[in-house]
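1. Quick one, structure for this:
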Amino acid sequence: MSGLAAALDVVGARWALLIVEQLLEGPQRYGDLQRVLGAGTNMLATRLRELEAAGVLYRLPLHHNTRAYALTERGFALRDAIVALGRWGAEQT
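-> Predicted structure coming up:
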């Protein structure tokens, strides 16, 4: 498997990179991610579990059954790729 194929296995699913992009700004609560991204509850929960299992993000312990998420070093390593993809996308419009 190529390096690109391995990366896409982790962040190639719909919403994955958008979640990481939001978390580059700092830890965020589940509800805030859902509101900003507009992702469905089931989809967002699934992607967060997948990204957590892949070591891209982790859950922060909060009170009252509230969940928040933050990037790991592996997640922050995606910054340059996300910026480059954003530039590329902006040039295509």
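2. all helices of this structure, in order?
-> Counting by DSSP state H, the chain has these helices, from start to end: 3-11, 16-23, 30-37, 41-53, 73-76, 79-92.
3. how about the third one as CSV, C-alpha atoms only?
-> Think helix 30-37. The C-alpha atoms that make up helix 30-37 are tabulated as CSV, following Å, rounded to 0.1, in the frame of the first residue of the first chain:
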residue,chain,number,x,y,z
TYR,A,30,-19.1,17.7,20.1
GLY,A,31,-22.0,20.1,19.8
ASP,A,32,-19.9,22.9,18.5
LEU,A,33,-18.4,20.6,15.8
GLN,A,34,-21.8,19.5,14.8
ARG,A,35,-23.1,23.1,14.6
VAL,A,36,-20.1,24.4,12.6
LEU,A,37,-19.8,21.5,10.2
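4. Also compute the angle for it relative to helix 16-23, please.
-> Computed by axes from the mean of the first three to the mean of the last three CA atoms, to 10 degrees, the angle separating helix 30-37 from helix 16-23 equals 110 degrees.
5. ok, residue 71 - how many residues close by?
-> As a burial measure, residue 71 scores 22 neighbours (other CB atoms under 10 Å). All C-beta spots, glycine's among them, are computed from the backbone N, C-alpha and C.
6. Isn't it up against residue 55?
-> No: Residue 71 is beyond contact range of residue 55, at 10.2 Å (criterion: CB atoms under 8 Å).
7. thinking again about what came up before, most tightly surrounded among the helices of the chain?
-> Highest mean neighbour count among these (mean count of other CB atoms under 10 Å): helix 16-23, with a mean of 20.
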